[in-house]
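> kindly generate the corresponding structure for this input.
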Amino acid sequence: MMSTHDSALAPEGLLARVDALACIHRLRYRGAGLVWRQFGQGSPLVLIHGGHGSWLHWIRNIEALSRQHTVWLPDLPGFGESDSLEGESDAGRLAGIVDALAAGIDTLLAPASRFGLAGFSFGGWLLPRWRPPCPTSGAWRCLAPPAMVVPAARLST
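Numbers count the residues shown, from 1 in each chain. Presented below is the predicted three-dimensional model:
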C-alpha cells in the first residue's frame with residue numbers, strides 16, 4: 001500500500017498536486033483559445049514545451065523553479081489544452097505559433113519586464129524565431145537543444 005507521500009510522488013499524485021497550484025489564464029489569439037499556467041512568485045520565467053506535448057513536459061521542474069520565479073507555462077496553439085490555429089500552410093502555422101507566444105507574453109507579463117525564456121526540444125527550436133519587439137526588453141534565453149533541425153528552405157514551401 002502506498003503512503004500519502006508516495007502517492008504524491010507517483011505521476012498521478014504529482015499531476016494533481018502541481019495542477020492544483022496553478023493559476024490558469026485563458027487567452028484568445030486569432031480566434032483560438034490558448035491556455036497558460038502560472039506558478040509561484042519571483043522573477044518571470046517562461047518555459048516552452050516540446051512537440052507533441054504540453055506544459056506537462058516541465059511538471060517535474062515546476063515546484064523547484066516556482067520557489068524563486070513566477071513560472072509561466074503556455075500550451076502552444078494546437079497542443080495540450082490550446083486550440084489550433086487554422087487555415088494556414090505549415091510554415092504559416094509555425095509563424096502563428098511564434099506570434100501567439102509573443103502575444104501571450106505581451107498580455108501576461110509586465111511591459112518591458114525582464115524574464116527568462118527556456119524551450120525544450122520543439123520549444124527550443126521555436127525560440128530563436130521569436131524576436132522581442134524591443135531589443136532592450138531584457139529577455140534572456142536558455143535553449144534546450146531541439147531534437148530536430150529543419151532547414152529554413154523546407155519551411156518556406
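> tell me which helix or strand comes right after the helix ranked longest in the chain.
Taking DSSP state H as the criterion, the chain has its longest helix at helix 90-108. The C-terminal neighbour of helix 90-108 among helices and strands, as given by DSSP states H and E, is strand 116-119.
> dump that following strand to PDB, restricted to CA.
This file holds the C-alpha atoms of strand 116-119, laid out as PDB (Å, rounded to 0.1, in the frame of the first residue of the first chain):
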ATOM      1  CA  GLY A 116      13.800  34.200 -18.500                       C
ATOM      2  CA  LEU A 117      12.800  32.100 -21.500                       C
ATOM      3  CA  ALA A 118      13.600  28.400 -22.000                       C
ATOM      4  CA  GLY A 119      12.500  25.900 -24.600                       C
END
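> direction included, what does that strand pair up with?
According to DSSP bridges, strand 116-119 has the following sheet partners: strand 43-48 (parallel), strand 140-143 (parallel).
> got the angle for the longest helix of the chain vs strand 43-48?
160 degrees (axes from the mean of the first three to the mean of the last three CA atoms, to 10 degrees).
> give me the mean pLDDT for helix 90-108.
Summarised as a single mean, pLDDT over helix 90-108 is 86.
> kindly export it (C-alpha atoms) in PDB.
Extracted C-alpha coordinates of helix 90-108, given in PDB (Å, rounded to 0.1, in the frame of the first residue of the first chain):
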ATOM      1  CA  ASP A  90       2.700  24.500 -42.200                       C
ATOM      2  CA  ALA A  91       5.200  27.400 -42.400                       C
ATOM      3  CA  GLY A  92       2.400  29.900 -41.700                       C
ATOM      4  CA  ARG A  93       1.200  27.800 -38.700                       C
ATOM      5  CA  LEU A  94       4.700  27.800 -37.200                       C
ATOM      6  CA  ALA A  95       4.900  31.600 -37.600                       C
ATOM      7  CA  GLY A  96       1.400  31.800 -36.000                       C
ATOM      8  CA  ILE A  97       2.600  29.700 -33.000                       C
ATOM      9  CA  VAL A  98       5.600  32.100 -32.500                       C
ATOM     10  CA  ASP A  99       3.200  35.100 -32.900                       C
ATOM     11  CA  ALA A 100       0.800  33.600 -30.400                       C
ATOM     12  CA  LEU A 101       3.600  33.000 -27.900                       C
ATOM     13  CA  ALA A 102       4.700  36.600 -28.200                       C
ATOM     14  CA  ALA A 103       1.100  37.900 -27.800                       C
ATOM     15  CA  GLY A 104       0.700  35.800 -24.700                       C
ATOM     16  CA  ILE A 105       3.900  37.200 -23.200                       C
ATOM     17  CA  ASP A 106       2.800  40.700 -24.100                       C
ATOM     18  CA  THR A 107      -0.500  40.100 -22.400                       C
ATOM     19  CA  LEU A 108       0.600  38.300 -19.200                       C
END
